[in-house]
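**Q** With the sequence up front, the predicted model follows.
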Amino acid sequence: MESTVLRIEKFSAFFGENAVLKDIDLSIPRNKITAIMGPSGCGKTTLIRCINRMHELTPDAKVSGKIFLDNEDIYATDPIIVRRQIGMVFQKPNPFPTMSIYDNVIAGYNLNGIRLAKDEKERVVEESLRKAALWEEVNGTLHRRGTFLSGGQQQRLCIARALAMGPAVLLLDEPTSALDPKATSHIEELILRLKDTVTIILVTHNIAQAARVSDFTAFLYLGELVEFGLSEKMFTAPKDKKTEEYLSGKFG
Amino acid sequence: MREFPIRRRILADKTFKIIIILLSFACILPMFFIIFFITSKGISAINWKFLTQLPKPVGETGGGILNAIIGTFILVIISILFSVPLGVFAGIFLSEYRKGRFVYFTRLSIEILQGIPSIVIGIIAYTWVVVPMGSFSALSGAVALGLMMLPVIVTATGETLKLIPDSLREASLALGVSYPRTIIKVILPAGLSGIVTGVLLSIARVAGETAPLLFTAFGSPFMNLNILKPVNSLPLMIFNYATSPYSEWHTLAWGASFVLVALVLGLNLLTKFLTRKWKVQF
Amino acid sequence: MADYSNADVLALKVDAKTVNQYKFVMSESSFRKILYLAAICVLILLVAIFFSLLLSSLPAIRHFGLGFLAGITWDPVKSEFGALPFLIGTLATSFLALILSLIFSLPISIFLGEYFRHGTASMFIKSMIELLAGIPSVIYGFCGLFLLTPVIRGLETKVGVSPYGVGIFTASLVLSIMIIPYSASIGREVISLVPSDLKEAALSLGATRFEVIRKVTLPYAYSGIFAGILLALGRALGETMAVTMVIGNSNFIPTNIFSPGNTLASVIANEFTEATGSLYLASLIELGLVLFIVTTIINVIGKIIIRRMGAGV
């Protein structure tokens, strides 16, 4: 039995009075790739934004229930600390436009005022870029602006930036939906290799991608967790009718 | 049925367009006259002595505008100190908070402040600084100019920051960076070009202002580096010399006008250049 | 793609429990308080300006009451202060300047908003307008004094009035050039905001461009253009230096368009430093208060109209 890194218990999220997530119970296994799927509006982005406590930045946002990261209640900790332990990569690549590639990777340290010795910095930058499969392509131009890279490269830069903080969990919010197929496959290969060092939660509306990449899959519908299990089993023999309908494309 | 013949309508259409074009280009005329006369009359007065000497008493030939140049410089620097910190933070406020009565009234106040006639600002600076101090001073002049710069900087900052996409802020927050740090170290640098443009434009506006200085900085024929004493400025000098009866002073005024116009237009060009070069793309 | 180190765990792991290594940590709430503080400062500034003006004019307000605004004599020697000459001077110069400027600013708005929205002609005229707006007021006054007044003097001799050269008319001319950019840029914005499907509907019915402008564009943009006029008016009312230098500085009610006169702003500029006695000073400041109130009202109305039209910021 794999160990659980993230435990979500009876968790609900609201915008004002409107419940976007209802009583979610979910255990995310360590060092595996868990895909979160469902039609638009099912709450999958909201769910991961609750995990790194970004949901509460919206005015009128409320939550109830608990989420435990390594047995610590993340809603009882300072959100800043939570966010440093959980990394996020967004749908549209968003490297910091005023910073070089080098500075983008260690942005997490610089912006937080954490001083690193020069050789430590260099090591973090190189390791993160290597893990994000970007080192070979940029190591000669580390001091150029990050915005000169292609879309796929920018997204890998964002992954490197998140990895540099050494998070336990990496949240990916539809990371390839803004990229072309070639860049998408690069990122998918990368994700597969990363799971040894970090737990990955991948939100995607691309069923084929989830099937290719994930070990476990959670299916959300209208804010409720309909089914969760091994991806292999779910994609071949889903237990719930709704899951089956979604997978066969009956609704999007 | 009465109907205008088509030919007449087409003629009217063409004539209208020509009239519009002519009247629009007519605005070049005053521009041309002003630049032409200032250049032709002013440039003959400009030489090294002009720029580096102090004005001479009436009757003596020669003399320069050094104290006015330095004075303008001093006034601008101090007014920046007053207006930029407050202006940038108020601008950040307006870009972060959009709804509510307090925000509305703040916005309204900025708009009203922007429209206050410069002579009234002069009265205020007089009441607030000159009266308690008991004398005219560069400080009071800088307060007046700072009040005039403030709304421009607030608006420039607010509008620039509003244009920065949320994704930047989210990227920073997701790294566990605190909100104040996100604003200061990520959002503000991204909007720097717009903010600096706003500051430069307000400097250009304020460097040419005379009215608020008439009874605050007051002007002086001497060089003065003490901000608690009166100081001269280019526009003040131009006003005083142009309205004087001495023709030598008129010549000095043309020369000073040339310098002032060159300064103001130069700042405007610089702003345009910076905006193009420096603007952050998202 | 073998450029990654597979099993390497990042040796340096952030001790996530350490909030910061810098000694200075600003909390979110403190920062937000600073932002609110900045906004409050702005509000307080405005309120303080109004009350300062009010308080400083109190001696005059108490002494003259509302009759101040109708008083026709401004005589510092006798301590008789009435604002009417300046109210008339201000209104006369501003409205005349407004009408004169409209002759040029409205065509410019149409030029930039309809005919030449992009391209070199557009950039050229736009730059000209910006230049006009950028020239300091004292320069306008200087050029007006030395270049324009001789011309006006010639005109006055022909017409048969006293050849002052300076006066209400000269001041209005200079002022009109200065306020062209304000109504022109707002006019341009509202005209370019007129929905193109409206214009195309008219064109498809066979109207000429001129007719479309006359019957569709301008009526639609009317209130925005009006707002631009208001803002230009606000600017004209408060304009000081250029007017002071060419208006002739007389404290009597102007009798005709070529008379010398004074505006609220120009009399303050002229007499403030020589004002002796608290009543004199208070009266001047009361003039400033009137100026403040009038320009504020006009500017606010103009801005409200513009916001309703969706233009501007």
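**A** That came in fine, so what should we check first? Numbering: from 1, shown residues only, chains lettered A, B, ... in the order given.
**Q** Show the contacting residues for A:Arg53.
**A** Residues near A:Arg53 by Cβ atoms under 8 Å, 6 or more residues apart in numbering or on different chains: A:74-75, A:79, A:82-83. From N, CA and C alone the C-beta is placed, and that goes for glycine too.
**Q** Tell me the residues of the stretch 101-250 of chain B that contact chain A?
**A** Neighbours of chain A within the stretch 101-250 of chain B, by Cβ under 8 Å from any Cβ of the partner chain: B:165, B:167-168, B:170-178, B:181-182, B:185-186, B:189-190, B:192.
**Q** buried subset of those residues?
**A** B:168, B:170-178, B:181-182, B:185-186, B:190 (16 or more other Cβ atoms under 10 Å in any protein chain shown).
**Q** Which residue ranges of the stretch 101-250 of chain A form strands?
**A** Remark: strands assigned in the stretch 101-250 of chain A by DSSP state E, counting those that start in this stretch are A:169-173, A:199-203, A:216-221, A:224-230.
**Q** Would you reformat the ones you listed as JSON lines and include distance to C:Glu211, mean neighbour count and mean pLDDT?
**A** Below are the strands of the stretch 101-250 of chain A laid out as JSON lines (distance: least, Cβ to Cβ, whole Å; neighbours: other Cβ atoms under 10 Å in any protein chain shown; pLDDT from 0 to 100):
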{"stretch": "strand A:169-173", "distance to C:Glu211": "54", "mean neighbour count": "24", "mean pLDDT": "94"}
{"stretch": "strand A:199-203", "distance to C:Glu211": "56", "mean neighbour count": "25", "mean pLDDT": "95"}
{"stretch": "strand A:216-221", "distance to C:Glu211": "58", "mean neighbour count": "25", "mean pLDDT": "92"}
{"stretch": "strand A:224-230", "distance to C:Glu211": "61", "mean neighbour count": "18", "mean pLDDT": "91"}
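**Q** Relative to chain B, tell me which of those wins on proximity.
**A** Checking these against chain B by Cβ to the nearest Cβ gives strand A:169-173 as the closest, at 8.3 Å.
**Q** Low-confidence ranges, the chain, go.
**A** By default, I'm working from chain A. A:1-2, A:252 (pLDDT under 70).
**Q** that's the other chain; I wanted chain B
**A** In chain B (pLDDT under 70), the answer is B:1-2, B:58-62, B:281-282.
**Q** Checking the closest residue to chain A within it next. Helix, strand or coil?
**A** Closest to chain A within chain B is B:Gly176: 3.4 Å, counting by Cβ to the nearest Cβ. Following DSSP: H, G, I helix; E, B strand; the rest coil, we place B:Gly176 in the coil state.
**Q** I figured it hits A:Arg83, correct?
**A** Yes. Using Cβ atoms under 8 Å, B:Gly176 and A:Arg83 qualify as a contacting pair, with a distance of 3.7 Å.
**Q** Report the two of the buried ones among the residues of the stretch 101-250 of chain B next to chain A separated the most.
**A** Using Cβ to Cβ, the two most remote members of these are B:Gly176 and B:Ala190, lying 19.1 Å apart.
**Q** Give me the contacts around the host helix or strand of B:Phe32.
**A** If you go by DSSP states H and E, B:Phe32 is part of helix B:28-43. The contact list for helix B:28-43 (Cβ under 8 Å, 6+ apart) reads B:251, B:254-259, B:261, C:128, C:131-132, C:135, C:139-140, C:143, C:146-147, C:177.
**Q** list the buried ones in it?
**A** So helix B:28-43, judged by 16+ other Cβ under 10 Å, has buried residues B:30-31, B:34-35, B:37-38, B:41-42.
**Q** Helices of the chain, start to end?
**A** Chain wasn't specified; assuming chain A. A:44-51, A:79-85, A:101-105, A:107-112, A:118-131, A:135-138, A:151-163, A:181-194, A:207-213, A:231-236, A:241-247 (DSSP state H).
**Q** actually it's chain C I care about, not the one you picked
**A** C:28-64, C:84-110, C:120-134, C:137-143, C:149-159, C:168-192, C:196-204, C:209-212, C:218-238, C:241-246, C:264-271, C:278-309.
**Q** most tightly surrounded among those helices?
**A** Ranked by mean neighbour count, the helices of chain C are led by helix C:241-246 with a mean of 30 (mean count of other Cβ atoms under 10 Å in any protein chain shown).
**Q** Which other helices and strands does that one contact?
**A** For helix C:241-246, the packing partners by 3 or more Cβ pairs under 8 Å, 6 or more residues apart in numbering or on different chains; DSSP states H and E come out as helix B:234-242, helix C:137-143, helix C:168-192, helix C:264-271.
**Q** before we move on, the earlier item: residues in contact with the residue of chain B closest to chain A?
**A** With Cβ under 8 Å, 6+ apart, B:Gly176 has these contacts: A:80-85, A:108, A:112, A:165, C:16.
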